[in-house]
Structures are given as C-alpha cells and as structure tokens.
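Q: predicted model and sequence follow; I will ask about them next.
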Amino acid sequence: MKVLENIVTVLQVLSAIIVMILVLIQEGNEDGSIVTGESNRGGTMGSSREARLVKLTKYVGIIFAVLTIASTSLMIINY
C-alpha cells in the first residue's frame with residue numbers, strides 16, 4: 001500500500017505543476033469578463049489555442065482533484 005500511496009503522491013504533484021503552468025500560459029482577460037461571467041470576446045470565442053488550453057486546464061484540474069481524494073483515502077486506510 002505504501003508504494004501505491006507514493007505513486008499517487010508523485011502523480012498529484014506532477015498534475016499540480018502542470019495546472020500551474022497551464023494557468024500561467026493562458027492569456028488574461030483585460031476586459032473584466034471573468035467578473036461578469038462573459039466569455040465571449042468581441043463576438044468571437046477566442047483562438048482555438050486558448051480554447052484548447054482552457055479545456056486541458058479543466059481536465060488536469062479534475063485529475064488533480066481525484067488524485068487528492070485518492071491520496072487522502074489511502075492515508076486514512078493506512079492510518
């Protein structure tokens with residue numbers, strides 16, 4: 001069980017680093033649309049690169065959350 005816990009922890013750290021990098025390379029919204037909830041910039045949905053980054057960030061964030069729950073569960077089981 002300790003090996004599985006170590007693997008999950010390593011994957012969790014890697015996914016956290018990937019999420020941070022993905023968030024940092026995304027373009028910011030200067031128009032304040034994050035506050036109003038509007039994602040449409042000037043009638044276009046932004047570049048396909050930006051859309052792919054947003055989608056990838058969501059997926060890696062979900063993976064991070066699942067790994068966090070798994071890590072906590074493994075720690076509770078081993079306690």
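A: The structure has been received and is ready for your questions.
Q: all contacts plus neighbour counts: C-alpha atoms, from now on.
A: Will do.
Q: in the longest helix belonging to the chain, what counts as buried?
A: If you go by DSSP state H, the chain has its longest helix at helix 48-78. Neighbour counts using 16 or more other C-alpha atoms under 10 Å place 53, 57, 60, 61, 63, 64, 67, 68, 70, 71, 74 of helix 48-78 among the buried residues.
Q: can you list the low-confidence ranges for the protein?
A: Applying pLDDT under 70 to the chain picks out residues 29-46.
Q: residue 18: what's it in contact with?
A: Shown in contact with residue 18 (C-alpha atoms under 8 Å, 6 or more residues apart in numbering): residue 60.
Q: just give the nearest non-adjacent residue to residue 74, would you?
A: In space, and not counting its chain neighbours, residue 74 is closest to residue 5: 6.3 Å by C-alpha to C-alpha, 6 or more residues apart in numbering.
Q: neighbours of the one you found, just the number please.
A: Residue 5 sits with 17 neighbouring residues when counted by other C-alpha atoms under 10 Å.
Q: and if you look at the one 10 residues further on?
A: Counted with other C-alpha under 10 Å, the burial measure for residue 15 works out to 19 neighbours.
Q: try residue 16
A: Counted with other C-alpha under 10 Å, the neighbours of residue 16 add up to 17.
Q: in which helix or strand would I find it?
A: In this assignment (DSSP states H and E), residue 16 forms part of helix 2-25.
Q: buried stuff in that helix?
A: Quick answer for helix 2-25 (16+ other C-alpha under 10 Å): 5, 8, 9, 11, 12, 15, 16, 18, 19, 22.
Q: my read is that the last one contacts residue 53, right?
A: Yes. The pair residue 22 and residue 53 qualifies as a contact (C-alpha atoms under 8 Å) at a distance of 6.8 Å.
Q: for residue 27, grab phi and psi.
A: phi -70, psi 140 (degrees, to the nearest 10).
Q: that one and residue 12, how far apart?
A: Remark: distance between residue 27 and residue 12 (C-alpha to C-alpha, to the nearest Å) = 25 Å.
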